[in-house]
Structure formats: structure tokens, C-alpha cells
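>>> Mind looking at a prediction? Sequence and model below.
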Amino acid sequence: MEERYTLVIEKANEILNEAAVDDKFKAYFEAAAKLILLIDEIKEKKEANFFDEAALEELEAFNKKLYEEIEPENYKSSFANPTFAVNTLGEEYGQMLCYVYASLRSGILNMFEGDLEVALIRCELVIEIYSLFEDEEGLTPENLKDIIYTFERDNSEIFMDVVLGSKLDPSKDRVAKIITESDLSDIRYLYKYGNHIGENEIKMAKFLNTLSDEKIDEIASLYTEGYRRGFVATGKDLSIKSNVQLMYVLGFERIVKAAIKRFADMGLKPVIGYADYQSTDMNKQYAFDHKQDAALFFDKAYMKRKLETVTAAYESRKEMASQMAGPARLEIFGEKPFEPESTPEAIKFTPEQQELTAQYQTEFTKIVRTYIKGEERSFTIISFPIPEFGDNFEEFFHETVKINSLDTEKYGKVQQVLIDALDKAEFVHITGRGNNKTDFTVAMHEMNDPSKETNFENCLADVNIPLGEVFTSPKLKGTNGLLHVSSVYLKGLNFKELEIEFEDGMIKDYRCQNFDSDEENKNYFKENVMFNHETLPIGEFAIGTNTTAYVIANKYDCIYKLPILIVEKMGPHFAVGDTCFSFQEDMETFNPDGKQIVARENEVSALRKTDISKAYFGCHTDVTIPYDELGDIVAITKDGDEIKIIEQGRFVLEGTELLNEALNEA
């Protein structure tokens with residue numbers, strides 16, 4: 001490998017000094033050669049302990065050098081930009097060379113992680129393609145595409161082995177050591193990761209350094225206790241597990257360090273893999289432009305090969321996988337809203353490839369569930385604002401801690417009142433008010449013994465923090481109507497005037513108003529919410545009860561900045577995709593009152609008993625109607641009696657007065 005590496009660096013220098021290709025492509029290969037040498041500079045600096053010993057100014061300068069070309073102001077003239085690449089290099093080769101350049105940029109993090117082989121093969125791909133362009137005789141778009149296809153297919157085992165190893169093996173502890181062994185009061189530690197370090201990461205780390213150890217531990221306990229309670233609530237034995245997957249954003253290390261100590265008391269070691277630690281995105285358009293790059297090589301043969309490598313990687317680590325307790329996610333919010341620009345030059349999946357990627361995701365999920373058993377794992381998710389939130393970030397951070405710390409016992413009793421009423425329903429009817437056109441009827445499951453059974457889960461502060469919802473998996477047959485919301489952020493993307501029509505619980509039609517053409521709007525929703533499936537079932541109906549969060553969000557005029565984790569607790573919401581109990585339908589789960597939750601599947605997930613490939617979709621996306629757009633929620637019994645839960649955005653059911661207190665004070 002060292003010999004190969006030396007040859008690559010020599011060739012990169014040769015290209016930089018005198019690229020022997022057509023003038024049209026010289027600038028591209030010179031830029032790629034510079035990037036190879038920049039990746040090599042990371043290796044040299046690591047060997048010289050630069051990231052441990054350099055002054056803050058030197059670290060900042062090198063980090064900028066790594067990422068400046070994809071900063072928004074520079075991205076327009078970068079070969080990582082599909083528009084620039086196609087306009088400069090031509091339609092025949094521009095898209096493919098842009099993909100290769102973006103792949104090479106991934107070598108930056110590979111080198112920081114110490115995965116020399118992965119960084120090397122990315123560099124070798126560039127050299128191989130350079131030779132093709134240098135020769136010219138064999139240069140055709142088909143030959144270039146063949147090289148890319150072979151690269152992805154032949155190296156899929158290496159890529160999967162590295163990524164999965166980092167997510168399962170606690171001995172791969174580079175990132176954990178950054179957290180536990182660094183002096184976190186010295187923000188130079190941030191530059192050890194290799195990610196882009198911007199104002200959010202720096203200001204977040206500095207802000208947390210102003211908080212006392214006691215306050216940090218209090219915040220960490222919200223996170224870790226929620227994780228522990230998730231196992232207790234579902235009757236799962238945490239003591240048989242030894243590893244926890246930590247997922248967080250840079251700048252939060254003091255909280256994560258305190259969480260690691262608390263998890264250690266539970267007998268859990270941290271595992272932090274590729275993509276589990278992230279910095280805030282400096283250029284979301286870059287990620288958006290490249291999200292379908294796999295269209296260059298994704299076909300049935302590649303999918304088969306990829307699934308084989310996933311299985312082999314898990315099989316070789318099945319003991320580690322069996323010890324994984326599940327993910328503990330610390331998420332962030334407050335970034336400026338991102339509305340992507342449509343990039344015609346970006347690579348796009350064909351309809352056939354869309355079907356294949358959906359099939360791949362389903363099969364991938366099945367493999368993961370085979371080795372990390374759903375009946376033994378749990379998770380938790382908590383979210384906090386970042387400095388980009390605004391000038392009142394610090395104040396809102398403490399407000400978020402308040403939202404995440406609401407009294408579980410008090411809210412649990414109120415939510416039980418809601419559940420008792422909803423359990424009498426055959427249907428629940430939801431309407432909007434004002435300009436909101438929602439008119440939706442959701443069908444409930446029948447219960448054999450209502451004295452011992454319930455349709456709704458009483459969701460408190462465990463797996464999804466903050467507390468504040470009651471939810472169920474509805475019947476599909478009889479679930480019909482229109483869901484409408486004026487503006488909503490799903491997976492970080494804004495959807496304007498989103499409308500989804502359901503017929504017998506399945507999506508019949510959908511539309512939004514983000515782009516000029518109906519086709520673009522439909523593709524936007526299909527790619528980012530339906531994940532290229534032709535239709536999806538309704539997987540969840542819930543009523544959010546966290547009116548405190550809703551009022552605080554309105555006070556700061558920041559609902560559009562909040563994550564779905566909080567927004568879903570701020571009104572009724574509906575998930576499209578799998579149910580909340582996917583792959584765990586046959587486990588017995590109980591509410592705090594002792595009643596068994598029986599609405600655990602729908603007509604689609606029930607297909608797991610005959611054809612599991614048709615039962616799951618590998619996605620679950622919540623769409624929330626905020627209280628100010630909400631009209632009524634009415635439970636309709638078999639006898640046709642109506643039980644009003646909410647009227648014109650206010651809770652009217654006796655025993656739920658607490659939920660109006662925050663609304664009335666607003």
C-alpha cells in the first residue's frame with residue numbers, strides 16, 4: 001500500500017506540473033491533483049502531531065484550506081458543483097467528473113480517520129481516469145462510466161467494512177478519545193476531527209464552557225435517563241448490552257463527555273462511527289446536488305453486490321452487533337432554513353433506479369434487524385439549538401432545557417385522559433381552520449378487551465425527548481382525506497403549502513409549491529419524503545400535547561427553525577411510511593397504566609407474515625399541523641357519538657385543562 005501511495009503522490013505532482021490532457025480538462029485534473037496533495041498534507045500533519053500541538057490560528061487556517069472551495073461563495077466555480085463542471089467540461093463528461101471530484105473530497109475525512117486504504121483508492125480513481133484522458137484513444141463516455149462502475153462495485157466491500165466497523169467496534173475509538181482525553185476548555189480540540197469547523201461549532205463549545213459541571217451533568221442526564229427509560233418502558237434488558245452508538249454535532253463535547261460517564265455507569269461503551277459525528281453543514285446545496293450520485297452506477301447487479309457486502313460485514317461482526325444497545329442521538333436545530341435550488345446538471349435517478357433504491361433500503365433494514373434485534377434494542381433522541389439560531393441563542397438554549405425537562409408524571413396523567421377518550425373511537429376526524437384545508441378521518445383498531453387494552457401509547461420523556469404526545473398506528477381501510485399544512489420542514493427541507501391525499505390509508509396524491517412546475521414539486525416530495533416509493537401508508541396518528549414548546553416557539557418566532565422532534569409534540573401529526581413499531585409488532589408493550597398497546601401494525605406491516613419484502617419501506621416522516629392552523633379533533637364512537645378532544649385549536653376534553661394554560665398565557 002505504501003508503494004501505491006507513493007506512486008499516486010508522484011503522479012499528482014506530475015499532473016500539477018504538466019497535465020498531458022486536452023486543454024479543456026487541464027484545470028479539472030490540476031484541481032484534482034491539488035486535492036490529492038492536500039489529502040497527503042493531512043497525513044503528514046498527523047504524523048507530525050500538528051493537530052495536537054499547532055496554534056489555534058494555524059489550525060483555523062488549515063481547516064479553511066480544506067473546505068474553502070465548497071464555501072457558498074466559492075462553490076459556483078468548483079468542480080464539485082455539477083453546474084460548473086458540466087458548463088466547463090461538457091455534458092458528456094461533466095457529471096461523471098464532478099462525481100469523481102466529490103468522491104475525492106471524501107478522502108479528507110478518510111485520512112483523518114486513519115483509513116489510508118480508502119483515501120488511497122479514491123486518489124487512484126483520479127489517476128486511472130487521468131490516464132484515460134491522457135491516452136485519448138480509448139476515451140469515451142462509456143469507458144469512463146465503466147471505470148466508475150468498476151470502482152464502486154469492486155471496492156464496495158472495503159467501503160462497507162470501514163463504515164460498519166466504525167459503527168460497531170468500540171475499539172475504533174479515535175472520536176471517543178477526542179472527547180474524553182482532550183482539554184475541552186481549549187477549543188483547539190475541534191480541529192482534530194477533520195470536519196469543517198465554523199462559527200456554530202466554536203461558539204457552541206465556548207458557550208458550554210461557561211456552564212457549570214452540575215448544569216452540564218443535568219443536561220446530559222436528560223439524554224441518558226431517556227435512553228435508560230426507553231428500555232424500561234418496553235421491558236427490554238439493558239444489562240445484556242455493552243455498547244451504545246453515540247451521534248452528535250461538534251461543539252457539544254462537554255455534554256457528550258458527561259453522557260459517556262453516565263453510560264459507563266450503565267455498563268455501556270461508546271461507539272462513534274462515520275457520520276455519527278458531524279459539523280453543521282456549511283453548504284447544504286452541495287450535499288443536495290450530490291445526493292443522487294449513485295445513479296451513475298446503481299443497477300440490479302450493484303445492488304446485489306452491495307447487499308452481499310452488508311451481510312458479510314455484519315456477519316463478521318455479529319458478536320459486536322449483538323452487543324449494540326442502539327443509538328443515542330443528540331441533534332441540533334436553529335440553522336437558517338434551506339430551500340434547495342433545482343440543479344438540472346446534477347445526477348438524477350431514473351424511475352427504475354428509484355424503485356431499486358427503495359428496494360435496497362428495505363433489504364438493508366432487514367439485514368440490520370437480523371443482527372441488531374429490534375426486540376433487544378432501544379434508542380433516544382434529544383435536540384438543542386445552536387448559535388446560528390440567533391442573538392437570543394443562549395436564552396433559547398435554556399428554554400429548550402426547560403422544554404426537555406417537563407414533569408413526566410404530571411403530563412402522563414393528562415395524556416392518559418386523552419387516551420381514555422380516544423380509545424372509545426371508531427374514527428377520529430381532524431379538520432383545519434382558516435386557510436388550512438385539512439379534512440381527514442383516521443380509522444382506529446378494534447380492541448377485544450378495552451379494560452386491558454389500548455390503541456394509543458402514552459409517550460413521555462424516554463426515546464423521543466421532549467415528552468408530549470399520544471400516538472397510534474391507525475387502520476388503513478377507512479382512513480381517508482386531505483392533510484394540509486402551509487409550511488413544514490421535513491428532513492431539514494422546507495415544503496410550502498404541502499397537501500397529501502389519502503385513500504384507505506395510502507397516499508393517493510401529493511403536491512407542494514416550492515418550484516415553478518408541478519413535476520419538480522412532485523419529484524421533490526417523492527425523493528425526500530417518499531424516498532422514491534410510488535405510495536406509502538400512514539404509519540402513525542398522534543396528538544401532540546407540549547403546548548409549552550409551542551408557546552415558547554411562538555414567543556421567539558422560531559417554529560420554522562425547530563426540529564420535527566419538538567414540532568411533532570406541538571400539534572396533531574401524521575407519519576407516512578412504516579409504523580412506530582416496525583419489526584417489533586409482535587412484542588408486548590404496555591402503558592404506565594398497565595394496559596397493553598394493541599395497535600402495533602396495519603394492513604401493510606401485517607404482510608411480514610407472508611412476504612416481508614412488502615411489509616416495510618425503511619422510512620417514517622412526521623407531518624405536523626400547528627395549533628394555529630388546527631380546527632377540531634373529534635373522536636367518533638361506533639354509535640356515532642362525538643367526543644370533542646380539541647375545538648378550534650384548544651383542548652376541550654375534561655381533565656386536559658393543563659394543556660391550555662400555556663396557550664392561554666401566550
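On my side now, so go ahead.

>>> tell me what the helix or strand that contains Asn458 is packed against?
Using DSSP states H and E, Asn458 falls within strand 457-459. Secondary-structure packing of strand 457-459 (3 or more Cβ pairs under 8 Å, 6 or more residues apart in numbering; DSSP states H and E): helix 408-422, strand 469-472. To be clear about C-beta, it is placed using only N, CA and C from the backbone, and glycine gets the same treatment.

>>> can I get the CA coordinates of stretch 20-31 in PDB?
C-alpha atoms of stretch 20-31 as PDB (Å, rounded to 0.1, in the frame of the first residue of the first chain):
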ATOM      1  CA  ALA A  20      -0.800  16.000 -20.600                       C
ATOM      2  CA  VAL A  21      -4.500  16.200 -21.500                       C
ATOM      3  CA  ASP A  22      -6.700  18.300 -23.700                       C
ATOM      4  CA  ASP A  23      -6.700  21.900 -22.600                       C
ATOM      5  CA  LYS A  24     -10.400  21.600 -21.900                       C
ATOM      6  CA  PHE A  25      -9.700  19.200 -19.000                       C
ATOM      7  CA  LYS A  26      -6.400  20.600 -17.700                       C
ATOM      8  CA  ALA A  27      -7.900  22.800 -15.000                       C
ATOM      9  CA  TYR A  28     -10.000  19.900 -13.700                       C
ATOM     10  CA  PHE A  29      -7.100  17.400 -13.300                       C
ATOM     11  CA  GLU A  30      -4.900  20.200 -11.800                       C
ATOM     12  CA  ALA A  31      -7.600  20.900  -9.200                       C
END
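
>>> roughly how far is it from the heart of the chain?
37 Å (Cα atoms, centre = their mean, to the nearest Å).

>>> again, but for stretch 632-649
Centroid separation for stretch 632-649 versus its chain: 35 Å, with Cα atoms, centre = their mean.

>>> helix or strand right after the longest helix seen in the chain?
Longest helix of the chain, by residue count under DSSP state H: helix 23-47. Later in the chain than helix 23-47, the nearest helix or strand by DSSP H and E is helix 50-53.

>>> who does that next one touch, helix- and strand-wise?
Using 3+ Cβ pairs under 8 Å, 6+ apart, the elements in contact with helix 50-53 are helix 56-67.

>>> Please name every helix or strand in contact with the helix it packs on.
Against helix 56-67 (3+ Cβ pairs under 8 Å, 6+ apart) you get helix 23-47, helix 50-53.

>>> most tightly surrounded among the ones you listed?
Mean neighbour count (mean count of other Cβ atoms under 10 Å) peaks for helix 23-47 among the helices and strands packed on helix 56-67, with a mean of 18.

>>> now what about stretch 545-552, what contacts it?
Residues from elsewhere that reach stretch 545-552 (Cβ atoms under 8 Å, 6 or more residues apart in numbering): 396, 399, 402-403, 406, 411, 414-415, 418, 466-470, 544, 559, 562, 566, 569-571, 626-627, 656, 659-663, 665-666.

>>> which parts of that stretch are buried?
By neighbour count on 16 or more other Cβ atoms under 10 Å, the buried set for stretch 545-552 is Thr545, Asn546, Thr547, Thr548, Ala549, Tyr550, Val551, Ile552.

>>> Could you do stretch 473-484 as well?
Buried residues in stretch 473-484 (16+ other Cβ under 10 Å): Ser473, Pro474, Lys475, Leu476, Thr479, Asn480, Gly481, Leu482, Leu483, His484.

>>> can you list the residues that contact that stretch?
Counting by Cβ under 8 Å, 6+ apart, residues outside stretch 473-484 touching it are 427, 432, 436-445, 497-506, 537-541, 574, 579-581, 599-605, 623, 625.

>>> All the helices of the stretch 401-550 of the chain, in order from the start?
Counting by DSSP state H, counting those that start in this stretch, the stretch 401-550 of the chain has helices at residues 408-422, 518-528, 547-555.

>>> of all those, which lies closest to Ser383?
Of all these, it is helix 547-555 that lies closest to Ser383, at 10.9 Å by Cβ to Cβ.

>>> What sits closest to Ile42 if chain neighbours are left out?
In this structure, Ile42 finds its nearest non-sequential neighbour in Met111, 4.4 Å apart by Cβ to Cβ, 6 or more residues apart in numbering.

>>> I figured the one you found was touching Ile39, is that so?
Yes - the criterion here is Cβ atoms under 8 Å, and Met111 meets it with Ile39 at 5.3 Å.

>>> Give the residues shared as contacts by the two.
With Cβ under 8 Å, 6+ apart, Met111 and Ile39 have common neighbours Ala119.

>>> Show me what the longest helix of the chain is packed against.
Under the contact criterion of 3+ Cβ pairs under 8 Å, 6+ apart, helix 23-47 touches helix 2-17, helix 56-67, helix 82-89, helix 94-105, helix 107-113, helix 116-135.

>>> mind running it again at 10 Å?
Judged by 3 or more Cβ pairs under 10 Å, 6 or more residues apart in numbering; DSSP states H and E, helix 23-47 is in contact with helix 2-17, helix 50-53, helix 56-67, helix 82-89, helix 94-105, helix 107-113, helix 116-135.

>>> With mean pLDDT added, can I get these in TSV?
Formatted as TSV, the helices and strands packed on helix 23-47 follow (pLDDT from 0 to 100):
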stretch	mean pLDDT
helix 2-17	95
helix 50-53	97
helix 56-67	98
helix 82-89	98
helix 94-105	98
helix 107-113	97
helix 116-135	96
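
>>> Lys177 contacts Lys192, correct?
Yes - using Cβ atoms under 10 Å, Lys177 is in contact with Lys192, at 9.1 Å.

>>> who's more crowded, these two?
Between Lys177 and Lys192, Lys192 has the larger neighbour count (other Cβ atoms under 10 Å), namely 17 against 11.

>>> ok so, going back, direction included, what does the strand holding Asn458 pair up with?
Paired neighbours of strand 457-459 in the sheet (DSSP bridges): strand 469-472 (antiparallel).

>>> So Gln359 versus Glu388, what's the distance?
To Glu388, Gln359 is 37 Å away according to Cβ to Cβ, to the nearest Å.

>>> how close does Ser316 sit to Gln323?
For Ser316 relative to Gln323 (Cβ to Cβ), the value is 14 Å.

>>> picking that back up, out of the helices and strands packed on helix 23-47, which gets nearest to Asp293?
Among the helices and strands packed on helix 23-47, the nearest to Asp293 by Cβ to Cβ is helix 94-105 (4.9 Å).

>>> Buried residues in that closest one, which are they?
For helix 94-105, a neighbour-count test (16+ other Cβ under 10 Å) marks Gly94, Gln95, Met96, Leu97, Cys98, Tyr99, Val100, Tyr101, Ala102, Ser103, Leu104, Arg105 as buried.

>>> mind listing what the second one touches?
Think Gln95. Gln95 makes contact with 82, 85-86, 89, 141, 145, 293, 295-296, 345-348 under the criterion Cβ atoms under 10 Å, 6 or more residues apart in numbering.

>>> Please apply the same query to Ile636.
Ile636 touches Lys424, Ala425, Glu426, Phe427, Val428, His429, Thr441, Met444, Glu642, Ile643, counting by Cβ under 10 Å, 6+ apart.
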